[in-house]
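[1] 3D, please:
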Amino acid sequence: MTTGHRITIERSDRHVRVVHGGQVLAESDRSLVLRETGCPERYYIPPEDVALDLLTPSDAQTYCPFKGTASYWSLPDAENLVWAYPDPKPDVAEIRDHLCFYEVELF
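    Numbers count the residues shown, from 1 in each chain. I've put the predicted structure just below:
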């Protein structure tokens, strides 16, 4: 990691729910919370707790020098709403294949 840049990952003790357009896309008590310098907290949800059948893979990819290359999924009315790191950097290996959404509800 670069000096001054830090990423921590831990199991969340919060119930996480993702709702879009009144439809529940994910609900989990097993998410991981990733905290990264200069970024909002992000909740990475195991694929078993995500309604994958509602999502369509996107051609979009982004690269993070700290996490690796992200793949994206979309809904018909929300492009690239979800991302995951199928092959993350070793320092963040715990988030492999977990899905992250821009907006989540915490309980």
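
[2] Next, the contact list for residue 96, please.
    Contacts for residue 96 (C-beta atoms under 8 Å, 6 or more residues apart in numbering) come out as 85-88. C-beta: built from backbone N, CA, C; applies to glycine.

[3] Residue 6 touches residue 39, doesn't it?
    No - the pair residue 6 / residue 39 is not scored as a contact, 10.6 Å apart, by C-beta atoms under 8 Å.

[4] Give me the subset of the contacts of residue 96 lying in helices.
    The helices, defined by DSSP state H, take in nothing from the contacts of residue 96.

[5] Farthest-apart pair in the residues you listed, please.
    86 and 88 (7.9 Å; C-beta to C-beta).

[6] If you count surrounding residues, which of the two has more?
    Set side by side, residue 86 and residue 88 show more neighbours around residue 88, with 21 against 10, by other C-beta atoms under 10 Å.

[7] Who are the contact partners of the nearest residue to that one once chain neighbours are set aside?
    Once flanking residues are discounted, residue 88 sits nearest to residue 68: 4.7 Å by C-beta to C-beta, 6 or more residues apart in numbering. The neighbours of residue 68, taking C-beta under 8 Å, 6+ apart as the test, are 85, 87-89, 92.

[8] If you go by neighbour count, which of those residues are buried?
    Listed as buried from the contacts of residue 68 are 85, 88-89, 92; burial here means 16 or more other C-beta atoms under 10 Å.

[9] now the residues you listed as a markdown table including distance to residue 10 and pLDDT?
    As requested, the buried ones among the contacts of residue 68 are exported to a markdown table (distance: C-beta to C-beta, whole Å; pLDDT from 0 to 100):
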| residue | distance to residue 10 | pLDDT |
| --- | --- | --- |
| 85 | 17 | 98 |
| 88 | 16 | 98 |
| 89 | 17 | 97 |
| 92 | 12 | 98 |
